[in-house]
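Trainee: need a 3D model of the following:
(2 chains)
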Amino acid sequence: MTVKIYIPRDAAALSLGAEKVAKAVAQEVANRGLDARIVRNGSRGMFWLEPLVEVEVDGKRIGYGPVKANDVSMLFDAGLITGGDHTLCLGEVENLPFLKEQTRLTFARCGITDPLSLKDYEAHGGLKGLRRAADMAAADIVKDVTDSGLRGRGGAGFPTGIKWKTVLDAPGERKYIVCNADEGDSGTFADRMIMEGDPFVLIEGMAIASLATGATKGFVYTRSEYPHAIAVMTEAVEIARKAGILGSSVLGSGKSFDMEVRTGAGAYVCGEETALLNSLEGKRGVVRAKPPLPAHKGLFNCPTVINNVISLASVPVIIDKGATFYRDFGMGRSRGTIPLQIAGNVKHGGLYETAFGLSLGDIVDKIGGGTRSGRPVKAVQVGGPLGAYFPRELFDTPFDYEAFAAKDGLIGHAGIVVFDDTADMLTQARFAMEFCAVESCGKCTPCRIGSIRGVETADKIARGIEPEKNRALLADLCNTMKFGSLCALGGFTPYPVMSAMTHFPEDFSPVPLIEAAE
Amino acid sequence: MSLHLGSGEIAARAGVIIDCMKSMEGPLLPILHGIQEEFGYVPQDTLPLIAKALNLSRAEVHGVMTFYHDYRDHPAGRHVLKLCRAESCQSMGGDALADRIKQLLGIDFHQTTPDGSVTLEPVYCLGLCACSPAAMLDGELHGRLDNEAAEELVMEARR
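Mentor: Alright, predicted model coming up:
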């Protein structure tokens, strides 16, 4: 029987040499005349083990990693094809604690299947949600999503079902489903992994959204920094269209829905939903004032569902297994699972899908295993460049929308970036302002000008110029940006700045250079 | 990518792209991407053509083109090295690595080496945050960069 050897095509695995490994494996298979087939899967999300090569033996997947191209020949000598032992052998991949302790609902197939095989997709539970939705009334689909407690995974945490209901109830001949795949937050890669590792689940989620709201056209708006995700998504849409999942009659339901993949052009602010809509329309990615809400007047002034990749990719399992199944996971008003992305200076970085409620300390110390540098953890930034820096004293905060808000932070898109004790928090605060200045769309003054003044003020503090006065000025500036900006870019930049200043005051009191020189 | 094209040739090649995409919903970004892919940058001469085809003012097209970081108004070097400057890469020494690469190339961000071989650009996140620091050389990704790997990357780019 042909043996299957899995080598990821995920961008992160590729960045660590997966392509060279795949070539070396193909060479060995040919040279040794073995009956084996290489499958290019997505990533399991254990990036310290990438490139992770897996071999299917007696229905079990034995892993080897991290594999370098010049390890391959030795691995074959050690009997890789039959799951033979070697120092790189990790045993059965499913049994690795990092994977075993997760609750993979949205990422159930990611890293397991061939991302572009519809047969694989269906064999692993794919399309069940859409099939069920095709037999349901639109309002019932919306009710299931509402009852599941699913909230926007892009960061805002708005209830997805309410958004869908607004679009369903909005009058309009033409409605759109827009998938926000403009994943620009540092420390996040969940959207990228789904698009590269299980693109059909996103297509299925968007198709269900179309049945729920009466939309006929969908767009996936992705970043130009994600060429691999764009390529896989585009191919998957083509395959889905040929298979009748997309087109004039979605799975024979008689309802039409088709979609396109669009590429952004390097503007972070286009991750903000109204800027994204402007960009899709071919305009500058400038934020729109709300109201009107996109659900009423969105893309080309039509009622539009705009959801993050993970929100949409979580819908198929909700419709398939029911609202109650999903809402039974989680805590408080944060229901279901959240794909944590553990990144930065961390030993075991990767994607960890789990129910809401783990403490930040457990995530960083136990799951992440502490810093990669081996030094003490100083700060953890949660929620991307607009998220707060958390000190160790706040590590008991449970991972939950409300709990993080109560500590003047946000969970955002669930990216967690770990810093060791070499980090200087004034530098990080300055960067937050600099990033806002580079990426501001320019429409509102607090963001456009406040960010520039923020950089200047941080520089003055660093140079020891009237530090007390300038710290007060920086705090005042943050207050203006927080309450006066039109969108989250200017409005949330104060989170990293103020958290750095509040929790790490020692970094904001540098020895004045002038005095030091005397 | 050609450097010295006559405006006639630019117009002809851009015209094909515009005609093929103008019926899309929201065609401006796809057209600008198409033109940049064709020429390596967005030649000024193409802006009035796009404006006319889409019934926009030239100012609007100019406004869009200059809003987005990706579109260039002049050709890049033979290779483009994009280095991530975002927080995750900072936490793994990305700033020091950037300084090292700038020193090796003798240029700053947004500049091209005098021999035209490499353009160095900052990028804010490549989604490789569990393998920081990261870079992209002509579309090829490189994660967990250390000084040695960065030097190899620079050598490869300078070829």
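
Trainee: how is chain A partitioned into domains?
Mentor: Chain A breaks down by automatic domain parsing into domains covering A:3-97, A:118-327, A:330-420, A:425-515.

Trainee: again with chain B
Mentor: B:7-67, B:79-158.

Trainee: which of the ones you listed is buried the deepest?
Mentor: Each of the domains of chain B was scored by mean neighbour count; the highest is domain B:79-158, a mean of 20, by mean count of other CB atoms under 10 Å in any protein chain shown. In short, each C-beta sits where N, CA and C put it, glycine included.

Trainee: quick one: the strands in the stretch 201-350 of chain A?
Mentor: A:217-222, A:258-263, A:304-308, A:330-331, A:334-335, A:337-344, A:350-355 (DSSP state E, counting those that start in this stretch).

Trainee: distance to chain B, mean neighbour count and mean pLDDT added to the ones you listed, as TSV?
Mentor: Rendered in TSV, the data for these read as follows (distance: least, CB to the nearest CB, whole Å; neighbours: other CB atoms under 10 Å in any protein chain shown; pLDDT from 0 to 100):
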stretch	distance to chain B	mean neighbour count	mean pLDDT
strand A:217-222	8	24	98
strand A:258-263	6	21	98
strand A:304-308	12	27	98
strand A:330-331	24	18	94
strand A:334-335	23	22	96
strand A:337-344	4	28	98
strand A:350-355	5	24	98
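
Trainee: would you map the strands across the stretch 401-518 of chain A?
Mentor: Along the stretch 401-518 of chain A, counting by DSSP E, counting those that start in this stretch, strands occupy A:415-420.

Trainee: helices of that one, start to end?
Mentor: Ranges of helices within the stretch 401-518 of chain A are A:401-406, A:425-439, A:445-462, A:467-484, A:488-492, A:494-503, A:513-517, based on DSSP state H, counting those that start in this stretch.

Trainee: and the average pLDDT for the last one is what?
Mentor: Spelled out, it's helix A:513-517. For helix A:513-517, the mean per-residue pLDDT is 50.

Trainee: which helix in chain B runs the most residues?
Mentor: helix B:7-21 (DSSP state H).

Trainee: list the helices and strands the following helix or strand past that one packs on?
Mentor: Using DSSP states H and E, the helix or strand that follows helix B:7-21 in sequence is helix B:28-39. Helix B:28-39 sits against strand A:258-263, helix B:7-21, helix B:46-54, helix B:58-67, with contacts defined as 3 or more CB pairs under 8 Å, 6 or more residues apart in numbering or on different chains; DSSP states H and E.

Trainee: what residue is smack in the middle of chain B?
Mentor: Centroid-nearest residue in chain B, with CA atoms, centre = their mean: B:Asp70, separated by 5.2 Å.

Trainee: before we move on, the earlier item: which of the helices and strands packed on helix B:28-39 sits closest to B:Ser132?
Mentor: Among the helices and strands packed on helix B:28-39, the nearest to B:Ser132 by CB to CB is strand A:258-263 (24.0 Å).

Trainee: residues of stretch A:386-405 that come out buried?
Mentor: A:386-392, A:394-395, A:397-401, A:403-404 (16 or more other CB atoms under 10 Å in any protein chain shown).

Trainee: hmm, I typed the wrong one, I wanted stretch A:160-175.
Mentor: Buried residues in stretch A:160-175 (16+ other CB under 10 Å): A:160-161, A:163-168, A:170, A:172, A:175.

Trainee: residue contacts, residue 151?
Mentor: Chain wasn't specified; assuming chain A. A:Arg151 makes contact with A:157-160, A:311, A:333-335, A:401, according to CB atoms under 8 Å, 6 or more residues apart in numbering or on different chains.

Trainee: try chain B instead
Mentor: B:Leu104.

Trainee: same check on B:Ala157?
Mentor: Shown in contact with B:Ala157 (CB under 8 Å, 6+ apart): B:79, B:81, B:105, B:117-118, B:137.

Trainee: and A:Asp365, by the same measure?
Mentor: A:377, A:395.

Trainee: quick one, grab the pLDDT at it.
Mentor: For A:Asp365, pLDDT reads 98.

Trainee: near chain A, which residues of chain B? Just list them.
Mentor: B:25-30, B:32-33, B:54, B:63-64, B:67-71, B:86-92, B:123-132, B:134, B:136, B:139, B:141-144 (CB under 8 Å from any CB of the partner chain).

Trainee: per-residue pLDDT of the spatially closest residue to B:Gln90 that is not a sequence neighbour, please?
Mentor: Computed as CB to CB, 6 or more residues apart in numbering or on different chains, the closest residue to B:Gln90 that is not its neighbour in sequence is A:Phe431, at 7.1 Å. Among the per-residue scores, A:Phe431 shows a pLDDT of 97.
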